[in-house]
Every structure is written in structure tokens, then in C-alpha cells.
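**Student:** heads up, no residue letters with this:
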């Protein structure tokens, strides 16, 4: 009888006390803009990361990985980062795609999967999981007429809505190239942003949206979501170290000139 009471007490604790997931630590790199001429900076980055860190869960590149949409530069980019000792995830930016150059969403992501391995999706919108966290990757790039205005089409937002409902009991982080934060440069603003925000308002499980595109550092809370915009790679000078502990997001902009910004 005593053992039964103890067992019931444990069950009650598990039901009513929130269980926090294991801490997550990852690196975000954005706007590398790789070309045949600046590729050594990315090679140096790979060497630096492999030397400095042993406890990273993954590395994510949040778009504009190459400067001009072509197969040779993407192949170069992928063949450099595949030497990282951590899993890498890739999403596209407006510089990555151009249908007239035969660099479509499908072509790009198929090359990513072929190089990095079967753990990586071949779709431009996808999810991956780590412990009790779900990471959602959003596309938003126009491949026919690429431009700095991100546009999340209706089918993408329907998919996002469905994923947020499916994982309503999980903490969710969204990665995308285009920030939701407004910018003074209207040419870089998000097209029909209100529709995206309406989807987010229906859910309460998104803790952060992490992006690039603006080439400067900016972080703000909006509607209980931490919006993280990270400075561009700038030839192996900047990347962001991000940790999630007890549901809170902590960031450090790492300057390889040994300066750090919290």
C-alpha cells in the first residue's frame, strides 16, 4: 500500500510540474555570401569551430549562403561545411535562388541533402527535433523574381499553422532568412507580414524566431516571442552562439576579433 501511494505521488508530480527539456546549444551563421574568391574565410570558420567547441548540438546557416545563385558556388559552399564535426542545417535566402539560372528550391535542397546526408530534408520548409524542442525552417524566397522582400505564401503559412498545432505541447523555434521585425529600408520588409502574424497569434508555443538578412544585429521581444536578427558572417568575423535553458533564449554575437556582444 505504501509503495502504491509513492507511485501515485510520482505520477501526480509528473502531471502538474513542468518538465524542462535538456539545454540546447547551437551556432547560427547567416549571410555568408560565398563566392569562389572569399571561400577561404568559410574554410577558416570550419577549422575554428571544430577546434573551439565540443558541446554544440547543431549549426544552422540562415540563408544567403552564396552570393549568386549558381550550382558551382553552392557545391563549393556545401563541400566546405560538410567538414564541420556537427550536424548542419541549411535554409535559403534571396541570393540563393534564381529559377532562370536553374537554381530552384528543389534543386538547391536536393544538393544540400545529397552532400550533407539523409538526416537533412530535401524540402525548403521542414522541421527537425532535438529533445523536447521542435525547430521549424521557413522558406519565404521568390525563385522566379528574387528580391529582398520575403514572401511567405499561403500554402507555407497553412503548413506552419499545421505544424504549430501538431507540436502544441513542444517548445518551438522558427528559423527563416527574413525577419519579422520592421526595418527602415522598405525594400527589405516582409510582404503581407500581417498574415504571418495572424498564424502566430493562434499559438503560444513559439519561443523564438531567428533570422538574418539585415546584416546587423538586433533582438527584440514581440508578443512573447524573442526575435533574433544576426549580423552577417563578414568573411569569418561574426556568428551567434545561442543557448536555450529552461525555456529562455540566451545569445552571444561572437566576433572572431575576440569581442563579444551579449
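**Tutor:** Nice, thanks for sending it over. Because the structure is predicted, anything quoted here is derived from the model rather than measured.
**Student:** name the helix or strand for residue 162, please.
**Tutor:** Here residue 162 sits within helix 154-166, counting by DSSP states H and E.
**Student:** quick one: that helix to chain centroid distance?
**Tutor:** 17 Å (Cα atoms, centre = their mean, to the nearest Å).
**Student:** which outside residues touch it?
**Tutor:** 125, 127, 134, 136, 138-140, 152, 172, 174, 195-196, 199, 202-203, 205-206 (Cβ atoms under 8 Å, 6 or more residues apart in numbering). C-beta: built from backbone N, CA, C; applies to glycine.
**Student:** for PyMOL, write a command that selects the buried ones of these.
**Tutor:** Burial among the contacts of helix 154-166 is assessed by 16 or more other Cβ atoms under 10 Å; the matching PyMOL selection reads:
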select buried, resi 125+127+134+136+138+139+140+152+172+174+196+199+206
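**Student:** which of the contacts of helix 154-166 fall in strands?
**Tutor:** 127, 134, 136, 172, 174, 206 (DSSP state E).
**Student:** shaky segments in the stretch 101-250 of the chain?
**Tutor:** 184, 186-187 (pLDDT under 70).
**Student:** could you redo the last one with a cut-off of 90?
**Tutor:** In the predicted model, the stretch 101-250 of the chain carries pLDDT under 90 at residues 101-102, 131, 142-151, 182-193, 246-247.
**Student:** need the strands for the stretch 1-150 of the chain, in chain order.
**Tutor:** 24-29, 58-62, 88-91, 126-130, 133-137 (DSSP state E, counting those that start in this stretch).
**Student:** adding distance to residue 111, write these out as a markdown table.
**Tutor:** Output for those, formatted as a markdown table (distance: least, Cβ to Cβ, whole Å):
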| stretch | distance to residue 111 |
| --- | --- |
| strand 24-29 | 18 |
| strand 58-62 | 14 |
| strand 88-91 | 10 |
| strand 126-130 | 15 |
| strand 133-137 | 16 |
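**Student:** closest to residue 72 out of those?
**Tutor:** Nearest to residue 72 among the strands of the stretch 1-150 of the chain is strand 88-91 (16.8 Å), distances taken as Cβ to Cβ.
**Student:** contacts for the closest one?
**Tutor:** 58-63, 65, 81-82, 109, 112, 116, 120, 124, 128, 135, 137-139, 175-177.
**Student:** repeat that for stretch 64-84.
**Tutor:** Against stretch 64-84 from outside (Cβ under 8 Å, 6+ apart): 30-36, 39, 42-43, 46, 49-50, 59, 61, 88, 90, 92-98, 101-103, 107-108, 111-112, 115-116, 146, 177, 212-213, 232.
**Student:** pLDDT value on the closest residue to residue 177 other than its chain neighbours, please?
**Tutor:** Leaving aside its chain neighbours, residue 177 sits nearest to residue 63 (3.1 Å; criterion: Cβ to Cβ, 6 or more residues apart in numbering). Looking at residue 63, its pLDDT is 97.
**Student:** list the contacts of residue 63.
**Tutor:** Contacts for residue 63 (Cβ under 8 Å, 6+ apart) come out as 30-31, 91-96, 141, 176-177, 212-213.
**Student:** pick the one among those residues closest to residue 222.
**Tutor:** Relative to residue 222, the closest of these is residue 176; by Cβ to Cβ it sits at 14.5 Å.
**Student:** give me the distance between the closest one and residue 246.
**Tutor:** Distance, residue 176 to residue 246, using Cβ to Cβ, to the nearest Å: 25 Å.
**Student:** who has more neighbours out of those two?
**Tutor:** residue 176 (29 against 8; other Cβ atoms under 10 Å).
**Student:** would you confirm that the more buried one contacts residue 62?
**Tutor:** Yes - using Cβ atoms under 8 Å, residue 176 makes contact with residue 62 at a distance of 7.3 Å.
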